[in-house]
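Here is a sequence with its predicted model. Questions after.
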Amino acid sequence: MGRRLKFNIFRYNPQDPDSVPHTDTFYLAETESMTLFIALTDIREEQDSSLQFDFCCRAGICGACAMMINGRPNLACKTLTKDLPDEITLMPLPIFKLIGDLSVDTGTWFREMNEKVESWVHTSKSFDPSADEERMDDAVAEEIYELERCIECGCCVAACGTANMRRDFVGAVAMNRIARFMLDPRDQRTEAEYFEIIGTDEGIFGCMGLLGCEDVCPKHLPLQDQLGILRRKMGWSAVKELFRFGK
């Protein structure tokens, strides 16, 4: 006989003028290998069809089901109820615009972030669809792939102290994107150009080093390593710029 789980779930529909933020309580019998995604689906199908939460892949790839699970950001599809206590509190991710209940709009935030850090390969070369692909060293390709595993779930943003206090902070996910393009031999931007994008307190120097981003990343990306590397590069770039103007 499985445990009887108690779920305290945040409810609020910002589109309904009569709706007020509150939590609803649901009870569910735990089954073997139950994930929070399975539990929420059961609640929506059997107890309250109006419950809003997002999902897509159910395999920890799309990042849609990220939420606050007992105060910690994580993916519902990867979280097993057996790893949680009998009482589970679910809240939407902070920072992002609330759609309803546990559903938030991460897409708008990530689109603005990617535009702000110019998250694309910058090159003066003209595209030739008939040409062979540019070759890349295997080791470099593997480094880039490691950073490309980000699924933009928003967990690192939600766990970031600076991002929770400042709307203009781009977060560890943006630094991860910049680190990826700095590795890419096809990107022709200089360190000074990268510095203009993230070499401020809105970028790399706004990080307080609390390590929350890496602690909660469901893909276990080396976010703090990249933050440290970028901070050294940006600091050295600033020093070189000072010496250049001092001449």
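Perfect, I can see it now.

what helix or strand is residue 25 on?
strand 22-29 (DSSP states H and E).

What's the first helix or strand after that strand?
helix 36-46.

just checking, what packs against that next one?
Applying 3 or more CB pairs under 8 Å, 6 or more residues apart in numbering; DSSP states H and E, one finds that helix 36-46 contacts strand 4-11, strand 22-29, strand 87-91. Backbone N, C-alpha and C define where each C-beta goes, glycine included.

Wait, a strand at residue 73?
Yes - secondary structure of residue 73 (DSSP: H, G, I helix; E, B strand; the rest coil): part of a strand.

In contact with it, which residues?
Residues near residue 73 by CB atoms under 8 Å, 6 or more residues apart in numbering: 66, 67, 93, 154, 155, 156, 158, 159, 216.

how about low-confidence regions in this structure?
Along the chain, segments meeting pLDDT under 70 span 1, 238, 241, 244-247.

And the residue nearest the centre of it?
Nearest to the centroid of the C-alpha atoms of the chain, with distances taken as CA atoms, centre = their mean, sits residue 154, at 2.7 Å.

The residue nearest to that residue when sequence neighbours are not counted: how many residues sit nearby?
Nearest residue to residue 154 in three dimensions, chain neighbours excluded: residue 106, at 4.5 Å (CB to CB, 6 or more residues apart in numbering). Around residue 106 there are 22 other residues, counting by other CB atoms under 10 Å.

Repeat that for residue 5.
18.

That one pairs with what?
With DSSP bridges as the criterion, residue 5 is bridged to residue 28.

What of the one 4 residues further on?
For residue 9, the beta-bridge assignment (DSSP bridges) gives partners residue 24, residue 90.

thinking it is in contact with residue 92, fair?
No - Residue 9 lies out of contact with residue 92 (CB atoms under 8 Å); the separation is 10.0 Å.

who touches both of the two?
Joint contacts of residue 9 and residue 92 (CB under 8 Å, 6+ apart) are 101, 102.

what's the domain layout of this protein?
Per automatic domain parsing, the domain ranges recorded for the chain read 4-104, 117-246.

could I get these as CSV with distance to residue 111?
Shown next, in CSV, are the domains of the chain (distance: least, CB to CB, whole Å):
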stretch, distance to residue 111
domain 4-104, 12
domain 117-246, 10
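
Compare those and give me the one nearest residue 110.
domain 117-246 (5.1 Å; CB to CB).

re the thing from before, using JSON lines, lay out the contacts of residue 73 together with distance to residue 172 and secondary structure.
Below are the contacts of residue 73 laid out as JSON lines (distance: CB to CB, whole Å; DSSP: H, G, I helix; E, B strand; the rest coil):
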{"residue": "66", "distance to residue 172": "15", "secondary structure": "strand"}
{"residue": "67", "distance to residue 172": "19", "secondary structure": "strand"}
{"residue": "93", "distance to residue 172": "15", "secondary structure": "coil"}
{"residue": "154", "distance to residue 172": "11", "secondary structure": "coil"}
{"residue": "155", "distance to residue 172": "10", "secondary structure": "helix"}
{"residue": "156", "distance to residue 172": "5", "secondary structure": "helix"}
{"residue": "158", "distance to residue 172": "11", "secondary structure": "helix"}
{"residue": "159", "distance to residue 172": "9", "secondary structure": "coil"}
{"residue": "216", "distance to residue 172": "10", "secondary structure": "helix"}
